[in-house]
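Engineer: could you work out the structure for the sequence below:
(chains A and B)
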Amino acid sequence: MPVVSYIEAVNMALEEEMKQDPKVFILGEDVGVKGGVFKATAGLYEKFGENRVIDTPLTESAIVGVAIGAAMYGLRPVSEIQFADFIMPAVNQIISEAARIRYRSNNDWQCPIVIRAPYGGGVHGGLYHSQSVEAIFANQPGLKIVMPSTPYDAKGLLKAAIRDDDPVLFFEHKRAYRLLKGEVPEEDYVIPIGKADVKREGDDVTVITYGLCVHLAMEAARKLIAEGISVHILDLRTVYPLDQEAIIKAAEKTGKVLLVTEDNKEGSVMSEVAAIIAEHALFDLDAPIKRLCGPDVPAMPYAPTLEKHFLINTEKIERAIRELAEF
Amino acid sequence: MVENRHHQLGLSDETVLEMYRMMVLTRRLDERMWVLNRAGKIAFVISGQGHEAAQIGAAFALDRTKDYCLPYYRDLGVVLSFGMTAKEIMLNAFGKAEDPNSGGRQMPAHFSQRKNRIVTHSSPVTTQVPHAAGFALAAKLENKDFVTFVSFGEGSSNQGDFHEGANFSGVHKLPVIFFCENNGYAISVPLEKQLASKRVADRASGYGMPGFTIDGTDPLEVYRVVKAARDRAVRGEGPTLIEVLVHRLTSHSSDDDERSYRDPEEIKKIREFDPIRKFNHYLRSVHLLDDDLENKLEEEIARIVDEATEYAEKAPYPAPETMEKFVYKEEGDV
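Structural biologist: Model (predicted):
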């Protein structure tokens, strides 16, 4: 089985889906000739031509809005927003339109679009190339939000997203693009959207997280073996709608829960996860729910000292797990 | 001898009479909804009165067997021409379960009916313009010869989505007709406070497409210009922006009172530009319409409106437990 990077897995999924379904096409800024600023669409313009890998004007609302029209017609557009931070001009199209098309037409129309966007910090991107934007969309029934944590998941989940008949936001951690490598089968496979994944069984502390933080939590768990702390890790994979059953089960498993996200703490996806646990598993808890998140500042600053201070890292996760284990 | 303008356009006597009939049906349905609103039977109405010639002239210039329309809330005449029935309009007005637009989920006049290629829209204005570019892009990618028609008000032509959608369509030479129904008011705000340019059509040149400003009270002139835009789109020459000048003969909606911002003289004067009366005069001048035929037609339409109202009023509301359906695709749906 070939070992590929996270971004190569994204590219594989796009190519496979474009090959197997002529209705799939890509649109976005720099996705064509250049192959994307991160190279997620590298080689696809050459393979599928300018009609199926479309370099658009610099207009996020149209990148999404045009895709919505094409999707209602019956095509399968994959829109790329160059950085998740730049999705803001398209929020009206995503929330007022894509999320509500099936509902408001009483199931007469549907809107099978995928919007891919790189999120997250750690690449010296400053305020507007580092943000996590999932919480903005994570209370909009009608949308699905997928955030893969490994190359294997990136491929299987993106293929599932493209085949899904509802709108999917697909957020890829930009630092994971070349940092994470893993075995990815060349064969066709999909991973179901809406299902969380137990990454590691453990007995002392449960960590629930998603995206790049899964990788950091796995490293922390490996280090803590030496201290005799056994960590259970649940990867949400889909952050909206949440896999409630898996969350409750993971919380009950150890009774001590650490929730990790790179997003700001207030009103994050983890706030909802905490509420689910409080509502359904309070009496199985042996310690207060603990959240490890980005600070409540508007966005990640540029200077290396500030950026590092903002970010989640393995040491921060280790410390938080240790505190819970000792509680 | 009066010039027979419709024959010059290749329109048969039958077709222009059908256009007139559609204009009257649109008006009478609209008027009935105001009565129902004032009687407390329906909560809301938003009108296309004064826009009928523009809407029906345009719709008849399209291929209503394959073109897609992305209307806005005043487009009663467009959706009726595309095949929605009076009964379905009334079901929508009452918010009943059988309403094909949304099953009673959306406010009235938020049109949608997939079988007639009427594309669902929302209340935040102009979001449908990029969607139209998307339908047109699909036509291009799939080598289909349908044209996409999208309409909106002049206030909406200030929204970013208008400019993004128009530019995208211009760059990709997409088969779209942008149809701006300029009635001079965005609720209460007059044109001179909405546009820095003299005309909405002036904006076309920025997006590499022709722009026309025409009399929207003349269905034959609207037909002529939309037909030419459609032919151009089918030939692969790209989009066209058409601005039709119309008058809004009612307040913005049933929740608005135009007397608070519009001169009473103006309100009186615009009645003279009633497009239905104007077309009636034309049809009489070419001897296609007389009192007998007009009375017969009005009676037939009154019956249709009565039956539609009665049916919709009696029809059931959606059951409360259906509220949670169709957030996502459901098991077993195809």
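Engineer: what's the spacing between stretch A:73-89 and its chain's center?
Structural biologist: For stretch A:73-89, the separation from the chain centroid amounts to 14 Å (computed by C-alpha atoms, centre = their mean, to the nearest Å).
Engineer: buried residues, it. List them.
Structural biologist: A:73, A:75-87, A:89 (16 or more other C-beta atoms under 10 Å in any protein chain shown). Any C-beta I mention is one placed from the backbone N, CA and C, and that applies to glycine too.
Engineer: could I get the buried residue list for the strand or helix carrying residue A:222?
Structural biologist: Using DSSP states H and E, residue A:222 sits in helix A:212-224. By neighbour count on 16+ other C-beta under 10 Å, the buried set for helix A:212-224 is A:212-218, A:220-221, A:224.
Engineer: next: stretch A:41-58.
Structural biologist: For stretch A:41-58, by 16+ other C-beta under 10 Å, it's A:41-42, A:44-45, A:48, A:52-56.
Engineer: please report phi then psi for residue 84.
Structural biologist: Since no chain was named, I'll use chain A. Here is the backbone geometry of residue A:84 (degrees, to the nearest 10): phi -50, psi -30.
Engineer: hm, I was asking about chain B
Structural biologist: According to degrees, to the nearest 10, residue B:84 has phi -70, psi 150.
Engineer: please name the nearest non-neighbouring residue to it.
Structural biologist: The shortest distance from residue B:84 to any non-neighbouring residue, by C-beta to C-beta, 6 or more residues apart in numbering or on different chains, is to residue B:113 (5.6 Å).
Engineer: what about the one you found, how many neighbours?
Structural biologist: Neighbourhood size, residue B:113 [other C-beta atoms under 10 Å in any protein chain shown]: 24.
Engineer: try residue B:333
Structural biologist: Neighbours of residue B:333 (other C-beta under 10 Å): 11.
Engineer: hang on, isn't residue A:237 packed against residue A:149?
Structural biologist: Yes: in this structure residue A:237 lies within contact range of residue A:149 using C-beta atoms under 8 Å: 7.2 Å.
Engineer: overlap of the contact sets of those two?
Structural biologist: residue A:210 (C-beta atoms under 8 Å, 6 or more residues apart in numbering or on different chains).
Engineer: test my guess that residue B:318 contacts residue B:97.
Structural biologist: Yes: Residue B:318 lies in contact with residue B:97 (C-beta under 8 Å); the separation is 4.2 Å.
Engineer: higher neighbour count, the two?
Structural biologist: Under the criterion of other C-beta under 10 Å, the comparison of residue B:318 against residue B:97 puts residue B:318 first, with 18 against 14.
Engineer: residue contacts, residue A:297?
Structural biologist: A:264, A:310.
Engineer: list just the nearest of the buried residues of helix A:212-224 to residue B:197.
Structural biologist: The closest of the buried residues of helix A:212-224 to residue B:197 turns out to be residue A:212 (C-beta to C-beta; 48.3 Å).
Engineer: tell me how far that closest one lies from residue A:242.
Structural biologist: 19 Å (C-beta to C-beta, to the nearest Å).
Engineer: now do residue B:16
Structural biologist: Residue B:16 is 59 Å from residue A:242, by C-beta to C-beta.
Engineer: more neighbours: which of these two?
Structural biologist: Taking neighbours as other C-beta under 10 Å, residue B:16 and residue A:242 compare with residue B:16 leading, 25 against 19.
Engineer: now do the contacts for the closest residue to that one other than its chain neighbours.
Structural biologist: Excluding the flanking residues, the one nearest residue B:16 by C-beta to C-beta, 6+ apart is residue B:6, at 4.7 Å. Taking C-beta under 8 Å, 6+ apart, we find residue B:6 in contact with B:12-13, B:15-16, B:220, B:286.
Engineer: just the buried ones out of these, please.
Structural biologist: B:16, B:220, B:286.
Engineer: pipe the residues you listed into TSV and attach pLDDT and secondary structure per row.
Structural biologist: Output for these, formatted as TSV (pLDDT from 0 to 100; DSSP: H, G, I helix; E, B strand; the rest coil):
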residue	pLDDT	secondary structure
B:16	98	helix
B:220	98	helix
B:286	97	coil
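Engineer: what segments of chain B are strands?
Structural biologist: Ranges of strands within chain B are B:68-70, B:148-153, B:176-182, B:185-186, B:189-190, B:211-215, B:240-245, based on DSSP state E.
Engineer: revised request: answer the last question for chain A.
Structural biologist: Under DSSP E, chain A gives strands at A:3-5, A:24-28, A:53-55, A:76-80, A:114-119, A:144-146, A:168-173, A:181-183, A:197-200, A:205-209, A:231-235, A:238-240, A:257-264, A:290-294.
Engineer: neighbouring strands - and their directions - for the fourth one?
Structural biologist: The pairing partners recorded for strand A:76-80 under DSSP bridges are strand A:24-28 (parallel), strand A:114-119 (parallel).
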